[in-house]
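# Model the structure of this input:
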Amino acid sequence: MKKVQKTDFFNKTKEELMAIAKKEMRDLSTMRLYYRLKKNKNTREIFIKRKNLAVLKTIIRQKELAHG
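Predicted structure coming up:
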């Protein structure tokens with residue numbers, strides 16, 4: 001994830017971040033399914049999605065702690 005993208009996430013609201021995280025989780029589950037069915041061309045993409053999802057969840061948690 002690029003630093004510009006991370007700073008963009010910090011400017012979004014918690015609800016917007018939750019929607020993005022939900023979409024990322026859905027994409028990750030379909031990628032895992034395709035991986036099991038051996039239809040994925042780029043298996044590294046699963047790792048990248050997991051990492052992006054972890055960053056999103058971290059930012060959401062930081063926002064929760066900052067606003068009580």
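
# Next one: the most centrally placed residue in the chain, what pLDDT does it get?
Nearest to the mean C-alpha position of the chain, counting by Cα atoms, centre = their mean, stands Leu53 at 2.5 Å. Leu53 carries a pLDDT value of 95.

# what sits against it?
By Cβ atoms under 8 Å, 6 or more residues apart in numbering, the contact set of Leu53 is 21, 24-25, 28. Where C-beta positions appear, they are placed from N, C-alpha and C, glycine not excepted.

# For Thr30, see how far away Thr13 is.
In this view, Thr13 and Thr30 are 26 Å apart by Cβ to Cβ, to the nearest Å.

# Would you quantify the distance from Leu53 to Lys38?
From Leu53 to Lys38 the distance is 23 Å (Cβ to Cβ).

# so where do the strands sit in the protein?
Read by DSSP state E, the chain holds no strands at all.
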